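K.L.:
Next one to model:
(chains A, B, C and D)
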Number of protein chains: 2
Amino acid sequence: MPMPTKIVINYYLQGATMPMPKTRLSAPARQLEIVAAVLALAAEHSPDAITTQAIAQQIGLTQGAVFRHFPTKEAIWLAVMDWLEESLQSAIAAALTEVRDPIAGLQAMFNAHIGFITAHPAVPRLIFHELQKPAAGAIKQRVCGLLERYRQRVTALLIAAKAQGQVDPALDDSAAATLFLGMVQGLVMQTLLAGDPHTLQPTASRLLPLYLRGIGVRQP
Amino acid sequence: MPMPTKIVINYYLQGATMPMPKTRLSAPARQLEIVAAVLALAAEHSPDAITTQAIAQQIGLTQGAVFRHFPTKEAIWLAVMDWLEESLQSAIAAALTEVRDPIAGLQAMFNAHIGFITAHPAVPRLIFHELQKPAAGAIKQRVCGLLERYRQRVTALLIAAKAQGQVDPALDDSAAATLFLGMVQGLVMQTLLAGDPHTLQPTASRLLPLYLRGIGVRQP
DNA sequence: GAAGATAGTAATTGATTACTATCTTAGTAT
DNA sequence: ATACTAAGATAGTAATCAATTACTATCTTC
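P.N.:
Predicted coordinates:
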């Protein structure tokens, strides 16, 4: 058997007695639905197991119908990246409003990130899967850009904290930003190990104090 | 085009004029060679792009010949896991000899880990790829066990350090172990982003002091 | 040096992939 | 009501995958 993994979802929904509400959606609406379907599938399946067939039957469509709304499968992934960039950006922006303190900003950003991952467990899987590809394809470049901007935000907060004397003045910004990202990574990895996304939040709050002490926060 | 990535290697080597030295190896020798081929391929390709065909032409064999030495493709991956477990284990064990200090042990373990990844860039790719699979297959269980044991080693060192008064007596062992793993993860991820494995070592040495301060090391 | 064991080849299997024709039908403007 | 447009169904395509077959070449061993 050549298949690594197989997805069979909601197959019973398109039976004879109830052939779905026969909703015929507009192209933009279907595009959103397709992106949502990919996210839903990625929450429980490996990205390379998400075939156009699986996407189609997730939303009760035939496989060929998917290509009415996207010219190619890569276009679907790019649309998913669009969604990811926009919603992560807005989630972080929302968390950073009403925050004067740079250190408080770091905490808010951390919590926002963890909350985002908890709400969308598919996201780290997608990012991992793209990062591990050696070829610098269009999708991977998007992921790289996303992480790059994220990292710059963290670095900016660290520099601001240093300027206000909140942290060790001799702090290595770059290393501290890497450790910040690594902290989130480690949490995600542990969640992947356990398979339970509920352990994420409590573990996260126990991890942050260690990091803050690591970067030499003055007043905890 | 259905293919995500394709591997064509050494195709010219099996030409008509020079049909390879016709080396006929014993089964155990070929098995080792196949494992080595997988590692070599994984260093530059995504694991799901490593087909039996790619493995075969990496070592100058026909695709069918691979199945003379492994009953199934999964068996190949399990053999790779065997290699990984053994060599990582011995690498860490070697690093921990002649180390009395628990904190020095943590540093040695960290350096050994980073060195191992530098020597075998394929390894983090394999681990990521397996971890992201939701299904608890045989290979993933091996990976989980590997990380579990690694984590326990770190935790043991942390507890020992606490007993000897080298770190904050109120240290959260579990969180500190997670952060340790996350630190390595963050480094690997940054390497995947850059695509350059040479930046790993210098960045690592800048990261460790932050971690040590984070867990409250007494005498730096 | 014949006999058995084993490594390797060449060709093919069925399943699955992304993708694409051709036809049907639902929604809408006229 | 009728014609037009776009969404979806149906039914394909070529390519690639892991795995298996029947057969050949090579080595070992008595």
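K.L.:
going forward, measure contacts and count neighbours with C-alpha atoms only.
P.N.:
Will do.
K.L.:
how about the helices in chain A?
P.N.:
For chain A, the helices defined by DSSP state H cover A:27-42, A:52-58, A:63-66, A:73-96, A:102-119, A:122-131, A:138-163, A:173-194, A:200-214.
K.L.:
got the contact list for the last one?
P.N.:
So the one you mean is helix A:200-214. A:107, A:114-115, A:118, A:179-180, A:183, A:187-188, A:191, B:172, B:175-176, B:178-179, B:210-216 (C-alpha atoms under 8 Å, 6 or more residues apart in numbering or on different chains).
K.L.:
Just the buried ones from the residues you listed?
P.N.:
Neighbour counting by 16 or more other C-alpha atoms under 10 Å in any protein chain shown classes A:107, A:114, A:118, A:179-180, A:183, A:187-188, A:191, B:172, B:175-176, B:178-179, B:210-216 among these as buried.
K.L.:
Go ahead and flag the most central residue of chain A.
P.N.:
Centroid-nearest residue in chain A, with C-alpha atoms, centre = their mean: A:Val123, separated by 2.7 Å.
K.L.:
Can you report how many residues lie near the nearest residue to it once chain neighbours are set aside?
P.N.:
Using C-alpha to C-alpha, 6 or more residues apart in numbering or on different chains and skipping the chain neighbours, the partner closest in space to A:Val123 is A:Ile117 (6.6 Å). Neighbour count for A:Ile117, taken as other C-alpha atoms under 10 Å in any protein chain shown: 19.
K.L.:
Looks like A:Met109 contacts A:Val99 (just checking).
P.N.:
No. Counting by C-alpha atoms under 8 Å, A:Val99 is not a contact partner of A:Met109; they are 10.3 Å apart.
K.L.:
Same drill for the two, tell me which one is more crowded.
P.N.:
Neighbours per residue, other C-alpha under 10 Å: of A:Met109 and A:Val99, the larger number sits with A:Met109, 22 against 12.
K.L.:
what's the distance between the more buried one and A:Thr199?
P.N.:
Note on A:Met109: its distance to A:Thr199, by C-alpha to C-alpha, to the nearest Å, is 19 Å.
K.L.:
Check A:Asn111 too.
P.N.:
A:Asn111 is 14 Å from A:Thr199, by C-alpha to C-alpha.
K.L.:
Can you give the contact residues for stretch A:170-185?
P.N.:
A:110, A:114, A:151, A:154-155, A:158-159, A:162, A:207, A:211, A:215-216, B:178-179, B:182-187, B:190, B:203, B:206-207, B:210.
K.L.:
before we move on, back to that, wait, what's in contact with the residue nearest to the centre of chain A?
P.N.:
Counted by C-alpha under 8 Å, 6+ apart, A:Val123 has contacts A:39, A:42-43, A:84, A:117.
K.L.:
so which of these comes closest to B:Ala29?
P.N.:
A:Ala42 (39.3 Å; C-alpha to C-alpha).
K.L.:
State the number of residues packed around the closest residue to the closest one other than its chain neighbours.
P.N.:
Computed as C-alpha to C-alpha, 6+ apart, the closest residue to A:Ala42 that is not its neighbour in sequence is A:Ala122, at 4.9 Å. Number of residues near A:Ala122 (other C-alpha under 10 Å) recorded here: 21.
K.L.:
these two touch, right, A:Ala122 and A:Leu39?
P.N.:
Yes. Using C-alpha under 8 Å, A:Ala122 is in contact with A:Leu39, at 5.9 Å.
K.L.:
just how off-centre is stretch A:133-143 within its chain?
P.N.:
15 Å (C-alpha atoms, centre = their mean, to the nearest Å).
K.L.:
what's in contact with that stretch?
P.N.:
So stretch A:133-143 is contacted by A:74, A:77-78, A:81, A:127, A:130-131, B:44-46, B:195 (C-alpha under 8 Å, 6+ apart).
K.L.:
Need the distance between the two termini of it.
P.N.:
Start-to-end, stretch A:133-143 (C-alpha to C-alpha) is 11 Å.
K.L.:
what residues go with each domain of chain A?
P.N.:
Domains of chain A are assigned by automatic domain parsing as A:11-66, A:73-214.
K.L.:
Average pLDDT for the shortest one, rounded please.
P.N.:
Predicted confidence along domain A:11-66 averages 81 (mean pLDDT).
K.L.:
in chain A, which ranges drop under the pLDDT threshold?
P.N.:
A:1-22, A:219-220 (pLDDT under 70).
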